[in-house]
Each structure stands twice: as C-alpha cells, then as structure tokens.
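S.K.: Please work out how this folds:
(one chain, ligands or ions: 1)
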Amino acid sequence: MMLGSVVRRDPAMTVQQAKICKGCWQQMHMPVPLRGVLSLPFRAVGIRPSRMNPNTCTICESMFTTVMRARKVTIDATVMFADLRGYTTLSQALSADAISGLLDVFYDQCAGAIWEQDGLLNKTIGDAVMAVFNFPIKVPDHARRAVAAAREIQRHWSDGSSARATEFGVSEAALGIGIGIHSGELSFGEFGHTHRDLTAIGTVVNTASRAQTAAAAGQILMTQAVFERAGSDVASSGPKPYQLKGFDAPIELYSA
Ligand SMILES: [Zn+2]
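M.R.: Okay, the predicted model is just below:
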C-alpha cells in the first residue's frame, strides 16, 4: 500500500491570509497583526492565529471573557457537521498510519473550505468535523456560506476519490462524506469547569448533527431555515420528511 501519494493541500496556505485578525477588527476595530514582523510582540504574549480559523486570533477565542465579560453569548449562526462515511469499517482493515493519513486529508479539505467562507472549524470529533459560521467573523449570509463550504468539501472529495480508492485499496463508493446544516440561535462560549471547551451548544447544533446522520454519502442535507436564508437556488431537491433520532415529529430537509 502506498502512502502519501494523494496530493495534500495545506489548508492554511490555500486560504487568503489576512494580515490582521478579522474578528478583532470587526468587533473592536483593533488591528491585531497575525503574520510578519509586526505580529512578533503579540506572539510573545501568546496572541497568535487561532487553530480554528487562521484569520482570527486567540483573543477572539476568549472574546466573551475579555470583551463581553460573559462566559457565553447567544448568536444567530449556521452549524455544519461533515462526517466521513465508511471510516469505521475501513479503520479495521487499514494500518494506523493509513488511517491517520486519510483523516488528515479529510480534515484539511474541510478546513480549507470552511475557512474560505470565514467559518470556524470548531471541532474534529473522530471522523466528523463541526463548523460554525458567523462567529467570531460576522457574515450576514452565513447560511449561504455554509452551503458553499459544504459543496466545496463534496467537490474536492469527489475529485480525489479515484486516487484515494487506489491508495487505500477500496472501492470509490466505500468512502463518502455526509453533511448536515442548520441555522438559528445558539449559545457559544466556554462550557465546563474541569475541562473548558470553547464550543456552541443548543437545539440548532443537535439538529445539524442529526441532519448529517440522515445524509447519504455524497449528500448535503439542510433544514428549512437554511433553505430560506440561503436562497432557493441552493436546493437541488426537497423538501422530504426525515424521522431524526430524538425528534418526535419528522423534519423537512432539502438536499443541496
Ligand atoms: Zn482576534
């Protein structure tokens, strides 16, 4: 088995790199240099590009405590979950190196697409990623941007699918990405005392996660809220009712 033959992209290199933090500039009109000589004194005191979005900084990550003097904020945002289907089955057949190589490619491609739309790659959870759009960089069209990022992820993954199938010795259909998207009000902040976690919580997050579970490999499923905000041109079909785990009534989802 050949490793490393799939062309890797460094997501931070492919995204337009901001010279100053977009989040701090937007929220406080404070120019925080992210790169170059001017950023050195900032780096010396621990202010550096955020790992969740390289065009924002570590101040943005703790904006609640430093600026808003709160532990969390309620924001209107869009949440996207993307999950690598077939990964669990494959992970039993592949070596640890091959598996981590596969996840690296998946994470990198998701990161590049999410950052391109000014989103936050909030978490990687095993074979899934969770992204939030509209924080800390405010983007009024966050629903449309989430759909654009989702499409980019699917397009890139499908472009590389035959090379990947050869590399990992599987069929092209064995590995695909399922994506779910939902918009609405959620709580974003630091949760937990012993282990502080910077993340979003609420029904919007759960619904996006459940929509992702319902999506087939290669599919993007979005809720009515996303469809209405993103504009009718984003949907290719739907709505269709889906019975999602944890929901009493079926939920209407559109395929993007
Ligand atoms: Zn910042």
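S.K.: what does the stretch 151-256 of the chain have sitting close to the ion?
M.R.: Residues of the stretch 151-256 of the chain lying near the ion by C-beta under 5 Å from the ion: none. Yep, even glycine has a C-beta here, placed from its N, CA and C like the rest.
S.K.: pLDDT value on the residue in the stretch 151-256 of the chain that the ion sits nearest to, please?
M.R.: Closest to the ion within the stretch 151-256 of the chain is Leu198: 13.4 Å, counting by C-beta to the ion. Here the pLDDT value assigned to Leu198 is 86.
S.K.: quick one, what contacts it?
M.R.: Glu61, Ser62, Asn122, Gly189, Glu190 (C-beta atoms under 8 Å, 6 or more residues apart in numbering).
S.K.: That one sits in which helix or strand?
M.R.: strand 197-201 (DSSP states H and E).
S.K.: Give the next helix or strand downstream of that strand.
M.R.: Heading C-terminal from strand 197-201 (DSSP H and E), you reach helix 203-214.
S.K.: got the contact list for that following helix?
M.R.: 77, 79-83, 128, 130, 178-186, 221-223, 242, 244-247, 251, 253.
S.K.: Okay, buried residues for that helix please.
M.R.: For helix 203-214, burial by neighbour count (16 or more other C-beta atoms under 10 Å) applies to Val204, Val205, Asn206, Thr207, Ala208, Ser209, Arg210, Ala211, Gln212, Ala214.
S.K.: now swap in stretch 57-75 and tell me
M.R.: Buried residues in stretch 57-75 (16+ other C-beta under 10 Å): Cys57, Thr58, Ile59, Cys60, Glu61, Met63, Phe64, Lys72, Ile75.
S.K.: so does that stretch get close to the ion?
M.R.: Yes - residues of stretch 57-75 contacting the ion under C-beta under 5 Å from the ion: Cys57, Ile59, Cys60.
S.K.: who's in contact with that stretch?
M.R.: Contact with stretch 57-75 is made by 21, 23-24, 27-28, 32, 34, 42, 46-50, 52, 134-136, 185-191, 198, as judged by C-beta under 8 Å, 6+ apart.
S.K.: Show the end-to-end separation of that stretch, please.
M.R.: End-to-end span of stretch 57-75 (C-alpha to C-alpha, to the nearest Å): 19 Å.
S.K.: do stretch 111-126 as well
M.R.: First-to-last residue span, stretch 111-126, C-alpha to C-alpha: 15 Å.
S.K.: looking only at pLDDT, what's the mean for that stretch?
M.R.: 95.
S.K.: repeat for stretch 95-104
M.R.: On average, stretch 95-104 scores 86.
S.K.: How about stretch 225-239?
M.R.: 85.
S.K.: Please identify the buried residues of it?
M.R.: Quick answer for stretch 225-239 (16+ other C-beta under 10 Å): Ala225, Val226, Phe227, Arg229, Ala230, Val234, Ala235, Gly238, Pro239.
S.K.: repeat for stretch 138-156
M.R.: Those would be 138-139, 141-150, 152-154, 156, for stretch 138-156 by 16+ other C-beta under 10 Å.
S.K.: Same question for stretch 19-28.
M.R.: Ile20, Cys21, Lys22, Gly23, Cys24, Gln27.
S.K.: Contacting the ion as well, which ones from the residues you listed?
M.R.: Answer for the buried residues of stretch 19-28 near the ion (C-beta under 5 Å from the ion): Cys21, Gly23, Cys24.
S.K.: Let me see the contact set for the first one.
M.R.: Residues near Cys21 by C-beta under 8 Å, 6+ apart: Pro31, Val32, Leu34, Pro49, Asn55, Thr56, Cys57, Ile59, Cys60.
S.K.: hmm, 10 Å instead?
M.R.: Going by C-beta atoms under 10 Å, 6 or more residues apart in numbering, Cys21 touches 27-28, 30-34, 39, 42, 47-50, 53-60, 136-137.
S.K.: and what of the second one?
M.R.: By C-beta under 10 Å, 6+ apart, the contact set of Gly23 is 30, 32, 50, 53, 55-57, 59-61, 63, 118, 120, 135-138.
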